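**Q** Make a model of this:
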Amino acid sequence: MRFVAGVMIFSCRGGSKSNNLDHGDQGQVLMDVDLIRTFLQVAKTRHFRKAAEQLFLTQSAVSARIKLLEERLGAKLFERSKHQVSLTTAGVRFLSHAENLMASWVVACQEVRLPERTSASIVTGATDTLWNIFLTDWMIGASQADPAMTIRAELHTANSLMPSLLDGSLDVAVMFDAPALPRLYVEELGPVPLIMVSNRQDISAEEALSTRFIDVDWGESFAVAMQQHFGTAIPAFLHTSVGKVALEMILKSGGAAYLPEPMVASHMANRNLFPVVGTPVIVRPAYAVVLAGREGDALLSSMIALMKGCLESRL
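**A** Residues are numbered from 1 along each chain as shown. Coordinates of the predicted model:
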């Protein structure tokens, strides 16, 4: 793949030696990829020091890479001041090209490393809770439907899903809060009911909220619903973004929390957990998100349809 003016030729790090590139060319290629990656990190953080920390580089190395990239492009990409870094007009124009280049680079590296007999590949990312609710079922079903397909399952935080999808590291991101961005295609998979449960039977909502309540971060719309139902001052002895952590805490040391019904159904059937009387069910839709333009991909469409079926079967 070549950049517009012949600046970039990509080759995958760690792959076999290219027939078309000698060792010097390969080193140049890898340096070019690093320049693009560094540019994107500075554009994201708007700070050379923060970008350096996240790239595990020195600040001088980041500055040198940006300077070299600017020389190759023949344009200034950043305006620098004592306290701020901002994109120039040229930098803004280059940003989408850089994102596309990195996305293509990631996809290329993934594809050239696939086993020869692989029929297809898909990289899916989601939070721990969604993997536990239905995505493990989806992965099993997908592998049974096409044993020659390569599946890569990635565990992400809610904050790391979008960057990984936008830079091409993921084919599909599954999440609760799906942003409305022009670059994304979002499809609802189905509702996930969240219910307040406790290890104590017949406990009231007031008791549950005032004694060992665990606040699980289920996203912004869940937080809004909690405020509407219970007010803003909700005491909690533990805050977590991992549903499984809250579940284990309640089972082992007591307490209450809002958890997905599929996650706690068996525990309620065994009478280890009980629904808290008088508390509302808060429904959170789960979404599959892909880059815009890929919604017509036959493989992705079939995999998203299978996700819907797996989620529905768990409810």
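
**Q** Give the burial count for Lys308, as a bare number.
**A** Lys308: 17 surrounding residues under other CB atoms under 10 Å. For the C-beta atoms, the positions are set from N, CA and C on the backbone; glycine is no exception.

**Q** Repeat that for Ile250.
**A** 24.

**Q** next one: the one 5 residues further on
**A** Number of residues near Gly255 (other CB under 10 Å) recorded here: 21.

**Q** Also Arg294?
**A** 14.

**Q** The closest residue to it other than its chain neighbours: what's it in contact with?
**A** Nearest residue to Arg294, sequence neighbours excluded (CB to CB, 6 or more residues apart in numbering): Leu300, at 5.9 Å. Shown in contact with Leu300 (CB atoms under 8 Å, 6 or more residues apart in numbering): Ile122, Asp171, Val172, Val290, Arg294.

**Q** next one: Tyr185
**A** Applying CB under 8 Å, 6+ apart, the residues contacting Tyr185 are Val289, Val290, Leu291, Ala292, Gly293, Arg294, Glu295.

**Q** Specify the beta-bridge partners of the second one.
**A** Spelled out, that is Val290. In this entry, Val290 is beta-bridged to Tyr185, by DSSP bridges.

**Q** unless I'm mixing things up, it is touching Asp171, no?
**A** Yes. Val290 lies in contact with Asp171 (CB atoms under 8 Å); the separation is 6.7 Å.

**Q** Identify, from the contacts of Leu300, the entry nearest to Ser60.
**A** Of all the contacts of Leu300, Asp171 has the smallest distance to Ser60: 36.6 Å, by CB to CB.

**Q** before we move on, back to that, using the three-state scheme, assign the residue nearest to Arg294.
**A** helix (DSSP: H, G, I helix; E, B strand; the rest coil).

**Q** now do Glu79
**A** strand.

**Q** For it, which residues are in contact?
**A** Glu79 neighbours (CB under 8 Å, 6+ apart): Val85, Ser86, Leu87, Thr88.

**Q** Next: Leu161.
**A** Gly125, Ala126, Thr127, Leu170, Ala173, Met175.

**Q** Skip the chain neighbours and tell me the closest residue to the residue of the chain most remote from its centre.
**A** Here the chain reaches farthest from its C-alpha mean at Asp202, the gap being 38.0 Å by CA atoms, centre = their mean. If you skip the residues right next to it in sequence, Asp202 has Val277 as its closest partner in space, 6.3 Å away by CB to CB, 6+ apart.

**Q** Pull up the gap between the residue nearest to Arg294 and Arg200, please.
**A** Distance from Leu300 to Arg200, counting by CB to CB, to the nearest Å: 45 Å.

**Q** What are the contacting residues of stretch 203-217?
**A** With CB under 8 Å, 6+ apart, stretch 203-217 has contacts from 158, 196, 198, 200, 223, 230, 234-243, 246, 249-250, 253-259, 274, 276-279.

**Q** ok, of the contacts of Glu79, which one's closest to Ala145?
**A** Here the nearest of those to Ala145, counting by CB to CB, is Leu87; it sits at 44.5 Å.

**Q** Specify the beta-bridge partners of the closest one.
**A** Phe78.

**Q** Do you know the pLDDT at it?
**A** Looking at Leu87, its pLDDT reads 93.

**Q** Use 49 as the first number for this chain going forward.
**A** Happy to do that; since the first residue is 49 now, the last one works out to Leu135.

**Q** How many residues are close by it?
**A** Leu135 has 18 nearby residues by other CB under 10 Å.

**Q** need the contact list for it.
**A** Per CB under 8 Å, 6+ apart, neighbours of Leu135: Ala91, Leu125, Phe126, Glu127, Leu143.

**Q** backbone phi and psi for Gly139, please?
**A** When read as degrees, to the nearest 10, the backbone of Gly139 gives phi -60, psi -40.

**Q** That one contacts Leu88, doesn't it?
**A** No. If you go by CB under 8 Å, Gly139 and Leu88 don't touch, sitting 10.9 Å apart.

**Q** okay, now Pro211: neighbour count?
**A** Pro211 has 14 neighbouring residues, counting by other CB under 10 Å.
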